[in-house]
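[1] A structural model of the following input is requested.
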Amino acid sequence: MASANSTSASNFSSQDDLLDTVQWALIGISVASTLYGACVIISSVSAYFLIHEKPTVNTSRKLLLAIIAVMLLCDTTFIFTFVGYLIAFFRDHNNEALALAITTSFAVRVNYLLSDVVVVWRAWTLAAVRYPRAKYILVLCLGASCVAVITSSVMITISEFQPEDSPLNTSFALEIYLPLVLLITNVVATSFIGIITWESRHSMNLTYKGSNSKRFRTTGRLLVLMLESGFIYSFFWLLVLVNAALSSLFAEVMLMAIVPQITTVYPTIVIFLNATHRSVYTETDENTTYTPIKEEQGLLR
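    Predicted structure coming up:
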């Protein structure tokens, strides 16, 4: 988001440029609002599963419910401040636009960090049993994401008070710093999930060969969905990096509208799939051979 102090609607070179920007801004608001509706629905369903799957809600479930609530709150804040920022921007209310730009940036960065927490948690619980050293790699990645989010928040706040041509607003390295770190964290976590998915499916194929077991089919499907959603989320961060190099106005507006929403949707889907799997597991017998998921089933009791 450009510095509100240095860029306003009056700075456009022509009326056509202004109209084009307004058009893309309206499209961005429409896309963001549509995805926000999906976020509310998915978050509500995930919370329902966490609350009603067991008669009692333990500390782990309370923590996941708190993460869902905070992410939805930040996403709601993003929607309102994003719209408010655009209105203030086009009305040349620079002080208001500045405050809203900082609030928007802070809200989305909180969600970036919480999203990585959920993804690393899911990879940890799946991989740590078979690969004990995986937890050290995952903790390192999460720590890098935390540092990147904090330093990026500080730099983006300072940059809002700097001229448009200041180093903070023109540095390509600073622009790609946060998305690059988040991309690496998600690729590493998703790769661990992918390894466990392959091993689990191989193990279950041997165990349930020729069987139409509900547990076999459902567990395999949920693992694949978790893996695919992880790579799709990582792909959006790759698009952010590509756009940083190409500097496309259309792509920037679309990514500004889409990425914060995807950041909220993805971890809630992970939580939902985890809760769904546990529901399926409790409906089946315990006489099964090893799968990584079985060994971590006590996590959310």
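
[2] run a quick check on residue 68 versus residue 48, I expect a contact.
    No: the pair residue 68 / residue 48 is not scored as a contact, 10.5 Å apart, by C-beta atoms under 8 Å. Glycine gets a C-beta too; all of them are placed from N, C-alpha and C.

[3] those two: which has the busier surroundings?
    residue 68 (23 against 12; other C-beta atoms under 10 Å).

[4] low-confidence regions, the stretch 151-300 of the chain specifically.
    169, 202, 204-219, 249-250, 276-300 (pLDDT under 70).

[5] now do the helices in it.
    Applying DSSP state H, counting those that start in this stretch to the stretch 151-300 of the chain gives helices spanning 167-170, 172-207, 214-246, 249-282, 292-295.

[6] can you tell me the closest non-neighbouring residue to residue 72?
    residue 43 (4.8 Å; C-beta to C-beta, 6 or more residues apart in numbering).

[7] give me phi/psi at that neighbour?
    Per-residue torsions, residue 43: phi -60, psi -40 (degrees, to the nearest 10).

[8] number of residues surrounding it?
    Counted with other C-beta under 10 Å, the neighbours of residue 43 add up to 22.

[9] verify the stated contact: it with residue 65.
    No: between residue 43 and residue 65 there is no contact under C-beta under 8 Å: 10.0 Å.

[10] would you check that residue 36 makes contact with residue 261?
    Yes: when contacts are counted by C-beta under 8 Å, residue 36 is listed as touching residue 261 (6.1 Å).

[11] need the overlap of contacts for those two.
    Common contacts of residue 36 and residue 261 (C-beta atoms under 8 Å, 6 or more residues apart in numbering): residue 75.

[12] okay, and the closest residue to residue 256 other than its chain neighbours sits in which element?
    Spatial nearest neighbour of residue 256, excluding adjacent residues (C-beta to C-beta, 6+ apart): residue 28 at 6.3 Å. Of the helices and strands defined by DSSP states H and E, residue 28 is found in helix 15-52.

[13] pull out the buried positions in that helix.
    21, 24-25, 28-29, 31-32, 35-36, 39, 42-43, 45-47, 49-50 (16 or more other C-beta atoms under 10 Å).

[14] ok, stretch 59-73 next?
    61, 64, 65, 67, 68, 71, 72.
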